[in-house]
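> Got a sequence here, can you build the structure:
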Amino acid sequence: MRKATEFFNRHLKSDIVAVLDASAALEITEFRLFQLAFEDWHGKSAKVEFMERQFAAYMFAQRVPTWVRHFSRKILKLQSQGSLDPKSFGIWKRLPSRRMVLFAKVYTAVLLLVFVLALVSIYALPENVLAMFKGCYFPPCY
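Next up is the predicted model:
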């Protein structure tokens with residue numbers, strides 16, 4: 001199977017592709033990958049200002065620090081061996097709360113109701129009003 005970054009990012013350096021693939025494998029952001037890489041390499045958390053400078057250099061100058069390069073390769077190696085466990089790096093998948101699930105259900109129901117009401121109101125319009133909208137209004141017809 002081809003990795004997503006192979007097709008879209010053919011022009012990128014291999015270190016950048018490794019960072020993208022590692023963050024995708026762990027299902028985290030690249031910034032979070034930088035934080036985890038620093039903690040793995042140095043054994044402590046980095047200051048926010050330092051991390052922002054390093055990440056800005058990565059984003060704008062395509063510079064990958066040694067500790068991020070090493071960590072990315074480590075993640076990809078674990079993934080290729082089939083032994084990658086995000087929990088071992090302190091990454092836990094957040095399950096949706098009951099409130100979030102309820103909100104999603106209510107939001108979906110309201111959207112569906114609005115859509116159905118819009119369709120019903122369109123079909124309830126008199127014929128002379130609908131006649132004004134006959135024709136093609138979108139490209140390629142003008």
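
> What ranges in the protein fall below the confidence cut-off?
Scanning the chain for pLDDT under 70 picks out 1-10, 128-133, 137-138, 141-142.

> quick check: domain ranges of it?
Annotated domains of the chain cover 4-89, 98-131 [automatic domain parsing].

> Just send those domains back as CSV, with distance to Pro140 and mean neighbour count too.
To be clear about C-beta, it is placed using only N, CA and C from the backbone, and glycine gets the same treatment. Converted to CSV, the domains of the chain look like this (distance: least, Cβ to Cβ, whole Å; neighbours: other Cβ atoms under 10 Å):
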stretch, distance to Pro140, mean neighbour count
domain 4-89, 29, 15
domain 98-131, 23, 10
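
> Torsion angles phi and psi at the spatially most central residue of the chain?
With distances taken as Cα atoms, centre = their mean, Thr29 lies nearest the centre of the chain, 7.7 Å away. Per-residue torsions, Thr29: phi -80, psi 160 (degrees, to the nearest 10).

> among the domains of the chain, which is nearest Pro139?
Smallest distance to Pro139 across those (Cβ to Cβ): 22.3 Å, for domain 98-131.

> hang on, the earlier thing: in JSON lines, list the domains of the chain along with distance to Pro139.
Output for the domains of the chain, formatted as JSON lines (distance: least, Cβ to Cβ, whole Å):
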{"stretch": "domain 4-89", "distance to Pro139": "27"}
{"stretch": "domain 98-131", "distance to Pro139": "22"}
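
> how close does Ala109 sit to Phe103?
Between Ala109 and Phe103 the computed distance is 11 Å (Cβ to Cβ, to the nearest Å).

> correction: Val68
37 Å.

> And Leu26, by the same measure?
Using Cβ to Cβ, Leu26 is found at 27 Å from Phe103.

> Can you pull the phi and psi angles for Ser14?
phi -60, psi -30.
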